[in-house]
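Enquirer: Could you work out the structure for the sequence below:
(one chain, ligands or ions: 1)
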Amino acid sequence: MTETETRTPGPAERQPERPGLADERHDVGGVRLERPFKIRRLGHFGYNCVDTDAMLEFYVDGLGLIISDQSGTMPSRLPAEEQETLTPNERLLHFTRFGSEHHQLVFISQQVWDWVGQANGSAGASINQVTWQVGSLAEVVNGAEWIWGRGERLMRSGRDMPGSNWHTYLFDPEGHINELFYGMEQIGWDGLSKPRPMWTGVLNERPTLPQASEATEVAGAGGAGIDVLSGHRAEVSAPGSFAVDGVLMRRPFKIVGIGPVSLFVEDLEDTQRFYTQVLGFDVRRDVEWQGHRGVLLSCGTDHHNLALYETGLRDALGLNGRNDSMALGFRLANYRQLRAAVDYMVARGAEEVDVPAELVPGFDYVSHLRDPDGNLVQLYYYQRQCAPTDPLPTTVSGAVADWPELIDAPADVFGGQQFLGPWE
Ligand SMILES: [Fe+2]
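Expert: This is a model prediction of the structure:
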């Protein structure tokens with residue numbers, strides 16, 4: 001045990017270190033921040049799949065993710081002779097969700113990614129995106145400019161379909177692709193995503209601001225004769241037979257949250273610099289096991305949203321050498337459902353993997369299962385919620401006309417529950 005591992009979570013955790021930004025202030029919605037954006041939460045994540053069929057069976061049939069759309073646009077870029085070697089599922093990108101966000105986990109064939117990734121050096125990567133929600137479209141655009149101005153490596157900005165979210169892609173120092181986004185399409189009670197004739201807003205350059213709202217786009221599509229209710233809906237093949245806390249469901253649990261993301265990195269100090277100084281994460285805790293170090297980072301009240309582990313841990317844990325990430329977390333609705341989910345997946349053939357508790361503090365009970373490609377699924381129902389230790393800000397009320405136009409940010413500004421989707 002090292003000194004750092006024995007500390008208790010909560011107020012005693014490491015306080016934010018923000019060297020180099022002391023003089024920077026940006027107006028983000030009338031609040032002074034050190035950078036022109038604030039990451040609010042993990043939005044989605046993407047795996048490049050060696051065995052796409054088995055991965056879909058594990059995550060969709062097993063864990064219950066819902067396919068919101070499938071797109072063949074990216075695989076169609078491969079040469080014809082390469083396309084002929086792809087299975088039907090490899091000829092599609094599979095966008096999946098467990099909640100209302102259009103996609104929360106994206107599956108792409110490794111073969112497809114390796115072809116497309118030649119252009120930007122990401123061929124061979126096992127993950128295709130680690131995607132964070134920021135507060136507005138302006139934060140996406142201004143954030144990309146600021147990150148580029150600091151000498152970091154941007155990939156592209158614009159807007160993709162399906163999903164309709166505005167974004168910028170950037171590389172961390174070791175080539176992991178991060179994405180900042182605003183305005184993910186939301187799927188409601190009818191389960192319908194936007195129809196393909198509405199996938200016309202693809203943009204491969206920095207958007208000019210302001211842009212039209214989604215409500216305006218939907219009205220325009222309807223006016224142009226598009227049947228806006230003709231999008232994809234996942235089939236529900238059979239009624240549920242599991243009584244789950246009062247509801248008959250098709251499996252005895254429900255995933256209700258995504259993250260943390262756990263990345264393997266060669267240079268822990270440099271990647272920590274990137275995620276703290278550039279993307280604005282706070283260091284929550286250092287960890288170490290058998291000489292292999294890691295650092296846990298947070299963008300809000302969760303104990304951690306991102307874990308960086310030295311690559312030596314991959315072998316020490318007996319993990320697949322191709323994997324860029326140790327695990328992807330999913331939160332279950334409660335403790336009983338956590339146990340039921342593990343039982344259900346093990347009965348389907350999933351393997352439990354023992355990850356040392358020293359590496360994953362912040363949970364009470366946590367289980368790791370190996371997926372068909374060798375990535376770990378980190379299942380839990382609870383993470384410690386952490387509050388800043390500084391005094392409460394002084395509450396200001398009274399006439400709004402007397403308030404300043406620009407204010408200083410409380411330590412936990414823009415934290416807590418987040419709005420999903422486009423504003424209008
Ligand atoms: Fe994305």
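Enquirer: Three-state assignment for whichever residue of the stretch 251-400 of the chain sits closest to the ion, please.
Expert: Per C-beta to the ion, Ile258 is where the stretch 251-400 of the chain lies closest to the ion, at 12.7 Å. Just so you know, the C-beta spots here come from the backbone N, C-alpha and C atoms, and that holds for glycine as well. Following DSSP: H, G, I helix; E, B strand; the rest coil, Ile258 is assigned to strand.
Enquirer: With adjacent residues omitted, what lies nearest to it?
Expert: Spatial nearest neighbour of Ile258, chain neighbours left out: Gln104 (5.4 Å); criterion: C-beta to C-beta, 6 or more residues apart in numbering.
Enquirer: and that neighbour, how many neighbours does it have?
Expert: Gln104 has 26 neighbouring residues, counting by other C-beta atoms under 10 Å.
Enquirer: Test my guess that it contacts Phe98.
Expert: Yes. Using C-beta atoms under 8 Å, Gln104 is in contact with Phe98, at 6.1 Å.
Enquirer: Give the residues shared as contacts by the two.
Expert: Taking C-beta atoms under 8 Å, 6 or more residues apart in numbering as the contact criterion, the common neighbours of Gln104 and Phe98 are 65, 258.
Enquirer: who's in contact with the residue nearest to Ile258?
Expert: 43-45, 65, 96-98, 258.
Enquirer: for it, phi and psi?
Expert: For Gln104, the backbone dihedrals (degrees, to the nearest 10) come out as phi -130, psi -20.
Enquirer: And the contacts of the helix or strand encompassing Arg331?
Expert: According to DSSP states H and E, Arg331 maps onto strand 325-332. If you take C-beta under 8 Å, 6+ apart as the criterion, strand 325-332 is touched by 45, 63, 98, 105, 126-127, 253-264, 307, 309, 313-314, 317, 319, 338, 341, 355, 368, 375-383.
Enquirer: Restricted to buried residues, select those in PyMOL.
Expert: In PyMOL, a selection of the buried entries from the contacts of strand 325-332 looks like this (16 or more other C-beta atoms under 10 Å):
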select buried, resi 45+63+98+105+126+127+253+254+255+257+258+259+260+261+262+263+264+307+309+313+314+317+319+338+341+355+368+375+376+377+378+379+380+381+382+383
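Enquirer: Tell me which of the contacts of strand 325-332 fall in helices.
Expert: Using DSSP state H, 313-314, 338, 341 are the members of those that sit in helices.
Enquirer: what about this structure, any weak spots by pLDDT?
Expert: Scanning the chain for pLDDT under 70 picks out 1-23.
Enquirer: which residues of it fall in helices?
Expert: For the chain, the helices defined by DSSP H occupy 52-56, 80-83, 110-116, 137-149, 214-223, 268-273, 312-316, 335-347.
Enquirer: can you give me how far the last one is from the chain middle?
Expert: Read it as helix 335-347. 23 Å (C-alpha atoms, centre = their mean, to the nearest Å).
Enquirer: Strand 325-332 and that helix, what's the angle between them?
Expert: Put simply, helix 335-347 runs at 130 degrees to strand 325-332, going by axes from the mean of the first three to the mean of the last three C-alpha atoms, to 10 degrees.
Enquirer: And helix 335-347, what does it pack against?
Expert: Under the contact definition 3 or more C-beta pairs under 8 Å, 6 or more residues apart in numbering; DSSP states H and E, helix 335-347 sits against strand 366-370, strand 376-380.
Enquirer: do you know which of the helices of the chain lies nearest Pro195?
Expert: Closest to Pro195 of the helices of the chain, according to C-beta to C-beta: helix 214-223, at 8.3 Å.
Enquirer: quick one: buried residues of that closest one?
Expert: For helix 214-223, burial by neighbour count (16+ other C-beta under 10 Å) applies to 214, 217, 221.
Enquirer: swap in stretch 262-282?
Expert: Buried residues in stretch 262-282, counting neighbours by 16+ other C-beta under 10 Å, are found at 262-265, 268, 271-282.
Enquirer: burial of Val141, as a residue count?
Expert: So Val141, with other C-beta under 10 Å, has 22 neighbours.
Enquirer: Glu205 is in contact with that one, correct?
Expert: No. Counting by C-beta under 8 Å, Val141 stays clear of Glu205, with 11.0 Å between them.
Enquirer: Find the residues that touch each one of the two.
Expert: Counting by C-beta under 8 Å, 6+ apart, the common neighbours of Val141 and Glu205 are Ser157.
Enquirer: thinking again about what came up before, distance to the ion added to the ones in helices among the contacts of strand 325-332, as a markdown table?
Expert: Below are the ones in helices among the contacts of strand 325-332 laid out as a markdown table (distance: C-beta to the ion, whole Å):
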| residue | distance to the ion |
| --- | --- |
| Leu313 | 27 |
| Arg314 | 25 |
| Leu338 | 27 |
| Ala341 | 25 |
